[in-house]
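Novice: Got a sequence here, can you build the structure:
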Amino acid sequence: MAKNPNESLSGSPAGLGRREFLQTLAWSALALSAPGLASGAMDKRPNIIIIVADDLGYCDTHLYGCDRHPTPNLEALAASGVLFTDGYVTAAVCSPSRAGLLTGRYQQRFGHEFNTGPLKRDLTQGVGLPLSEVTLADTLKKAGYATGMVGKSHLGMQPQFFPLKRGFDEYFGFTFGGNLYINPQDPRAVTLDGQWGMNKNITSRGENNPIYRMDKPVEEKEHLTDAFSREAVSFIGKHKGHPFFLYLTYNAPHTPYQTTQKYYDRFPQIKDEGKRIYAAMINQMDDGIGMVMNKLKAEGLDHNTLVFFISDNGCATYANACDNLPLRYGKISYFEGGIRVPFLASCPGLIPAGLVYREPVSSLDLFPTVVNLARGEIPNPKRDGVDLIPFLKGKKGSPHDYLFWRSGEALAVRSGDWKLFRYLDQYRLYNLKEDLSEQKDRRANQPAVFKRLQEALSAWESELIPPRWSPASIVDFELDGIKMKMKV
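Specialist: Numbering: from 1, shown residues only. Sure, this is the predicted structure:
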């Protein structure tokens, strides 16, 4: 990946070319104008695309020096903008993580602490993102953006939680946590047999988890990764003359592990069947992201579109196709492998190319960053995220003094290089700069740091409400002799 020779912790726009400099000035002028544009005026506010991968681990790409799976389009996207080395999500499982991203608030503030599911509960008990919450799509739609979602929702399956009711003008995707990518009997399909009850003998997604176009079930014969990429490109073409927000939420590489022969054939060197399909699924998604970026370029939108890429949590190590090394553990845990994820952004003319940003940032930050650029209004109550653009343009300091996590009795807080983990009344303190793999408990020789983080964690927890529903599952987990029941 191309690197900026002047790489720093908080880059400088001093090296921008004339075109990019003028573009930045134009956006700055627009940001000072009234929210409404005069009749006939050209609206040059940036388009917004947020791409979310599903269970993609920190080292599942080539972004961080890990020689795992080829992702040339993600590497090119990072090279054109900023790669965040310490990018976090607010949960180690899918649904609460997405709730935090779309609201810009810690999801525990409104009780969305655990995954939705199982399927029967979602269909009958009204489990989903509370209707009291204002989403990013709501806010951008109010600001005059065309809003579209393509992919996995996982924020409730009853009609009131449907994406079209949460600020999106258009929707193509599914609403549960997992889905069949392609009919295993399709001659193009390659399926890891016997996994999670979804195998070669299952040929239908079922009437309870269909693919929707708008709010109507449709038949989709293409592999979902390819279908979602197709629909994203179509949305861009449809709305190219007007500011738009596209929320592209792939379900790759979440289980069940399925790809097509085209991508499977690219990895003959991988002998383990699950790992080979997993690699193919990531490469397939990367090709789809390349299609999206090529469409922006073809329409002349590449210099006026802010693209974020993130995963909803770390990779599912329990599925035996990945690991998060050098990070510890993965999905479900509040160690680095569960919550530190691939995280990047690109917008030529706004974000310096080749920047590597090393301060901790959060998926919570997407909401204020995007809304401020769109000249929208941040709703009440206050968001927990921070506008990242000033920091990417040279503002000193860290965007966050603290970042927090909670799922049942498991909690964590990060401040600077320090991270404190708590389960019930048991604690572990780590220095991430010296001990990225979280192996050495430092409480004994850092009592002041331990006390400060302990107090900060307790103060944050006092602001939260109880979960609105019970955990979707409870997983037995052990860490350095601490036996835990992780609620997810």
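
Novice: Please report how far residue 51 lies from residue 449.
Specialist: Using C-beta to C-beta, to the nearest Å, one gets 36 Å for the distance from residue 51 to residue 449. Bear in mind the C-beta positions are built from the backbone N, C-alpha and C, glycine included.

Novice: In the stretch 51-200 of the chain, where is pLDDT below threshold?
Specialist: By pLDDT under 70, the low-scoring segments of the stretch 51-200 of the chain are 195-200.

Novice: Now do the helices in it.
Specialist: 72-79, 94-103, 119-124, 136-142 (DSSP state H, counting those that start in this stretch).

Novice: Out of those, which one sits most buried?
Specialist: Mean neighbours per residue, mean count of other C-beta atoms under 10 Å, is largest over the helices of the stretch 51-200 of the chain for helix 94-103, with a mean of 28.

Novice: and the top helix by length along the chain, what other elements does it pack with?
Specialist: Taking DSSP state H as the criterion, the chain has its longest helix at helix 273-298. In terms of contacts (3 or more C-beta pairs under 8 Å, 6 or more residues apart in numbering; DSSP states H and E), helix 273-298 is packed against strand 47-53, helix 72-79, strand 189-191, helix 224-238, strand 258-260, helix 261-264, strand 305-311.

Novice: can you rerun that using 7 Å?
Specialist: Taking 3 or more C-beta pairs under 7 Å, 6 or more residues apart in numbering; DSSP states H and E as contact, the helices and strands that helix 273-298 lies on are helix 72-79, helix 224-238, strand 258-260, helix 261-264.

Novice: For residue 135, find the nearest of the ones you listed.
Specialist: helix 224-238 (17.6 Å; C-beta to C-beta).

Novice: which of the residues in the longest helix of the chain are buried?
Specialist: Neighbour counts over helix 273-298 (16 or more other C-beta atoms under 10 Å) mark 274-293, 295-296 as buried.

Novice: who wins for proximity to residue 361 among the helices and strands packed on helix 273-298?
Specialist: Taking C-beta to C-beta, helix 72-79 is the member of those nearest to residue 361, at 14.3 Å.

Novice: ok, back up a step: now render the helices of the stretch 51-200 of the chain as a markdown table, adding distance to residue 388.
Specialist: Shown next, in a markdown table, are those (distance: least, C-beta to C-beta, whole Å):
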| stretch | distance to residue 388 |
| --- | --- |
| helix 72-79 | 15 |
| helix 94-103 | 14 |
| helix 119-124 | 33 |
| helix 136-142 | 15 |
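
Novice: Can you list the buried residues in stretch 105-119?
Specialist: For stretch 105-119, burial by neighbour count (16+ other C-beta under 10 Å) applies to 105-117.

Novice: Can you give me the neighbour number for residue 422?
Specialist: Under the neighbour criterion other C-beta atoms under 10 Å, residue 422 is assigned a count of 22.

Novice: what's the answer for residue 159, then?
Specialist: Using other C-beta under 10 Å: residue 159 sits among 9 other residues.

Novice: Leaving out the residues flanking it, which one is nearest to it?
Specialist: residue 165 (7.2 Å; C-beta to C-beta, 6 or more residues apart in numbering).

Novice: What of residue 247?
Specialist: Setting aside the residues directly before and after it, residue 247 is nearest to residue 149 in space (C-beta to C-beta, 6+ apart), at 4.5 Å.

Novice: Could you report the neighbour count for that neighbour?
Specialist: Counted with other C-beta under 10 Å, the neighbours of residue 149 add up to 27.

Novice: Now residue 188: phi and psi?
Specialist: Phi and psi for residue 188, reported as degrees, to the nearest 10, are phi -80, psi -20.

Novice: what's near enough to touch the closest residue to it other than its chain neighbours?
Specialist: Nearest-residue entry for residue 188: residue 260, 4.5 Å, with adjacent residues in sequence omitted and distances by C-beta to C-beta, 6+ apart. Residues in contact with residue 260, defined by C-beta atoms under 7 Å, 6 or more residues apart in numbering, are 188, 189, 190, 223.

Novice: Farthest pair within those residues?
Specialist: Farthest-apart pair in the contacts of residue 260 is 190 and 223; separation 9.9 Å (C-beta to C-beta).

Novice: Tell me which of the two has more neighbours.
Specialist: For the pair residue 190 and residue 223, the greater number of neighbours falls to residue 223 (26 against 22), based on other C-beta under 10 Å.

Novice: what distance separates the host helix or strand of residue 391 from the middle of the whole chain?
Specialist: Here residue 391 sits within helix 389-392, counting by DSSP states H and E. Put simply, helix 389-392 sits 20 Å off its chain's centre (C-alpha atoms, centre = their mean, to the nearest Å).
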